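**Q** could you look at this predicted model? Sequence included:
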Amino acid sequence: MSRLKLFLPLMIFVALALLFKQGLSLNPQEMPSALLNKPVPEFSLEKVADNSQVVEKQDLPNGPHLLNVWATWCVACRVEHPYLNALAEQGVPIVGVNLKDEDVSAVKWLEKYHNPYLYSLADREGRLALDLGVFGAPETFLVDSEGTIRCKHVGVVDNKVWQTKLQPLYEKLKNQRWEDIAGDLSDSLISRCQ
């Protein structure tokens, strides 16, 4: 029994080291979303640019679109922003969710760096972000024409992410209903969004 006591700290250290190693191998951008294939949560938020206009879930675009969580205090959002502008110029509809910002700062930021959003929601208290399961900014959701979340990306959307993860599904959603394509999608395409 006394020998076991000598090796107990070593066994605990080895167990913790294995857990730590496993944690380091996880990719935070592949975090599963509890809302995948579920509707966007109900909300009622003012627009950043005009707080007299309130937007609710039913006001989201009718077709497939991106729902992008961003903030002026987010360094990665500044990196992502030029690519979102390029997507908007290509006709990709993007709705912004401005997370825990002051409206004045958000409006100035959009004026300075250009505005890729159809409109941006003022999520001042972070309630919509919390309901979406957002861990931080930026996070982007691909929403279908029925208002259902079909894909989630944690981190910066750049050309690689768009080309390999979001665009293939976006194009399919643009041209067909989800029920028609669900069986058609390859496992690799579906697994990218889980």
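**A** Here it is on my side, so go on.

**Q** what sits up against stretch 146-165?
**A** Where contact means CB atoms under 8 Å, 6 or more residues apart in numbering, the residues beyond stretch 146-165 that reach it are 28-29, 31, 33, 35-40, 57-58, 60, 64, 66-68, 76, 79-80, 83-84, 87, 132, 135, 138-144, 166, 169, 173, 178, 192-193. Quick note: C-beta positions are derived from backbone N, CA and C, even for glycine.

**Q** what does stretch 97-104 give?
**A** For stretch 97-104, the surrounding residues in contact (CB under 8 Å, 6+ apart) are 48, 51, 67-74, 106, 120-126, 128-129, 132, 134, 137.

**Q** and the strands in the chain, which stretches?
**A** 44-46, 54-56, 65-70, 94-99, 119-123, 139-143, 149-154 (DSSP state E).

**Q** does residue 40 really touch residue 144, like I thought?
**A** No. In terms of CB atoms under 8 Å, residue 40 does not count as a neighbour of residue 144; the distance is 9.9 Å.

**Q** more neighbours, these two?
**A** residue 144 (23 against 20; other CB atoms under 10 Å).

**Q** how far away is that one from residue 56?
**A** 18 Å (CB to CB, to the nearest Å).

**Q** number of residues surrounding residue 80?
**A** Other residues close to residue 80 by other CB under 10 Å number 22.

**Q** show me what contacts it?
**A** Residue 80 touches 70, 138, 156, 157, 158, counting by CB under 8 Å, 6+ apart.

**Q** top of the residues you listed by neighbour count?
**A** Counting by other CB under 10 Å, top hit in these: residue 70 with 28 neighbours.

**Q** contacting residues for that one?
**A** 77, 80, 81, 96, 97, 98, 99, 120, 137, 138.

**Q** please repeat the previous calculation with a cut-off of 10 Å.
**A** Each residue near residue 70 by CB atoms under 10 Å, 6 or more residues apart in numbering is listed here: 76-78, 80-81, 84, 94, 96-99, 101, 106, 109-110, 116-117, 120, 137-140.

**Q** filter those residues down to the buried ones, PyMOL style.
**A** Buried members of the contacts of residue 70, defined by 16 or more other CB atoms under 10 Å, are picked up in PyMOL with:
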select buried, resi 77+78+80+81+84+94+96+97+98+99+101+106+109+110+116+117+120+137+138+139+140
